[in-house]
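# The amino acid sequence is not available; the structure is as follows:
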């Protein structure tokens, strides 16, 4: 009887396995020869879109190019924005996203790969306003306008950190730093990674002096939550590439 039960269980697993695989993004990618990646194109140096050529460059772009190459498929970038990033992967508009911060809100609807880089959050302003601020508490004032791109983790953080300030949620494709550069807002927060890039590009952007950064956050790719076959594939690919130093090489290339 035990032997029959064991054989029955094995038969069920054998029959179930192809069904699970058939539902996986991995099969769709291999069958159609295309890996579709959702990317915003507005997070320098992770993903930057050139409107003139409709092409992308950055850390994320190099990572995804390597993943597609190792899979032996073509790579297609699908334009998205932060407020619809999760919806796009849940709805099947793309197989995974580029780098996104791991957050409880996103975990309710989507799955994540293993993390391969992390960021810390810093506040920034312009050189003509920097004397107004000294530490995190100086931002949380009623006469301070804080810009944040709608749908990003930054929007949630500034609402939590600065309840006394005026929060200005900016709709993509507008970006939060431009609101501050234009003078319409006073402060924005972003990762140490993007902040360093923005300061190099815009000499007027300067960091606000604080005791320490906030909200150290792991970064990973968003994937369909119930697609364990695809999640396992991506996670094992990340482990292989980390072991061979690929992620370190790409990070060094982009100054991370």
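Done, it's in. Just so it is clear, the model here is predicted, and its values are computed rather than measured. Numbers count the residues shown, from 1 in each chain.

# Excluding chain neighbours, give the residue nearest to residue 134 in space.
residue 209 (6.3 Å; CB to CB, 6 or more residues apart in numbering). The C-beta positions use only the backbone N, C-alpha and C, and glycine is treated the same way.

# Break this protein down into its structural domains.
2-117+217-253, 120-216 (automatic domain parsing).

# State the mean pLDDT of the last one.
To tie it back to what came earlier, the one meant is domain 120-216. Across domain 120-216, pLDDT averages out at 93.

# Tell me how far it lies from the chain's centre.
18 Å (CA atoms, centre = their mean, to the nearest Å).

# And residue 15, what's its pLDDT?
43.

# Format the domains of the chain as TSV; extra columns: mean neighbour count.
Output for the domains of the chain, formatted as TSV (neighbours: other CB atoms under 10 Å):
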stretch	mean neighbour count
domain 2-117+217-253	17
domain 120-216	18
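
# nearest residue to the spatially most central residue of the chain other than its sequence neighbours?
Nearest to the mean C-alpha position of the chain, counting by CA atoms, centre = their mean, stands residue 100 at 1.7 Å. Nearest residue to residue 100, sequence neighbours excluded (CB to CB, 6+ apart): residue 222, at 5.2 Å.

# which secondary structure element contains the one you found?
Assigning secondary structure by DSSP states H and E places residue 222 in strand 214-224.

# Parallel or antiparallel, which strands does that strand pair with?
The pairing partners recorded for strand 214-224 under DSSP bridges are strand 99-101 (antiparallel), strand 110-112 (antiparallel), strand 117-126 (antiparallel).

# State the phi and psi torsions of residue 172.
phi -60, psi 140 (degrees, to the nearest 10).

# gap between it and residue 238?
28 Å (CB to CB, to the nearest Å).

# again with residue 39
17 Å.

# Would you map the helices across the stretch 51-200 of the chain?
When assigned using DSSP state H, counting those that start in this stretch, the helices of the stretch 51-200 of the chain occupy the ranges 59-71, 85-90, 104-107, 153-161, 176-181, 192-201.

# CSV for the ones you listed, including distance to residue 226?
Below are the helices of the stretch 51-200 of the chain laid out as CSV (distance: least, CB to CB, whole Å):
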stretch, distance to residue 226
helix 59-71, 21
helix 85-90, 10
helix 104-107, 13
helix 153-161, 23
helix 176-181, 33
helix 192-201, 31
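
# Which among the ones you listed is found nearest to residue 132?
For the helices of the stretch 51-200 of the chain, the distance to residue 132 is smallest for helix 176-181, at 12.5 Å, taking CB to CB.

# Can you list the neighbours in contact with that closest one?
Contacts with helix 176-181, where a contact means CB atoms under 8 Å, 6 or more residues apart in numbering, come from 124-126, 147-149, 154, 168, 170, 185-188, 190, 198, 202, 204-205.

# so what's residue 106 up against?
With CB under 8 Å, 6+ apart, residue 106 has these contacts: 86, 100, 112, 222.

# can I assume the second one is in contact with residue 217?
No - counting by CB atoms under 8 Å, residue 100 sits too far from residue 217 to count as a contact (9.9 Å).
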